[in-house]
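need a 3D model of the sequence below.
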Amino acid sequence: MAARRRTERCKALRLACWNADGVRDRMLELEDFLSQHSVDICLLNETFLNPGQAFWLANYVCHRTDKPTARGGTATVVRRGIVHRSVPVPGLTNL
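Okay, the predicted model is just below:
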C-alpha cells in the first residue's frame, strides 16, 4: 500500500529569547515584539514574577518557573494552536 502524500506543508517555527528584566513593566513592549516578528515560541528570563502574580499574553500559553523572592525566574510562551506539553524538571540547586 502506498503512503499518502502530505497536502499540507509544515511551517517553520519562529523562536525568540528575551531578557525581560521585569516582564510586568514591559508587557506592551513584549506583545508588540511578538506580534511584529510573528514569534511562535519565546523564552523569557529575568521575569521577576512572584509565584502568585498573574501573567498572560493573548494568543499564547505560558509556562513559568518563579523564584520565591520575585528575583530571576523564567517563562516560556507558546502560541496557541502549537501542539506541545510541559515536562516537569526536578529542582536544581546548582548548575
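
pretty sure C17 contacts I41?
No. Using CB atoms under 8 Å, C17 makes no contact with I41, being 9.7 Å away. The way it works is simple: take the backbone N, C-alpha and C, and place the C-beta from them, glycine included.

neighbour count winner among these two?
I41 (17 against 9; other CB atoms under 10 Å).

what does the more buried one show for phi and psi?
phi -130, psi 130 (degrees, to the nearest 10).

for P90, see how far away the most centrally placed residue in the chain is.
Closest to where the C-alpha atoms of the chain average out (CA atoms, centre = their mean) is V77, at 1.8 Å. According to CB to CB, to the nearest Å, V77 stands 23 Å off from P90.

how about D66?
Taking CB to CB, one finds D66 at 16 Å from P90.

for T74, same thing?
15 Å.

neighbour count winner among the two?
Neighbours per residue (other CB under 10 Å) separate T74 from P90, with T74 holding more: 16 against 4.

what's near enough to touch the more buried one?
T74 makes contact with 43-45, 47, 64-65, according to CB atoms under 8 Å, 6 or more residues apart in numbering.

let's go with 6 Å and repeat that
45, 65 (CB atoms under 6 Å, 6 or more residues apart in numbering).
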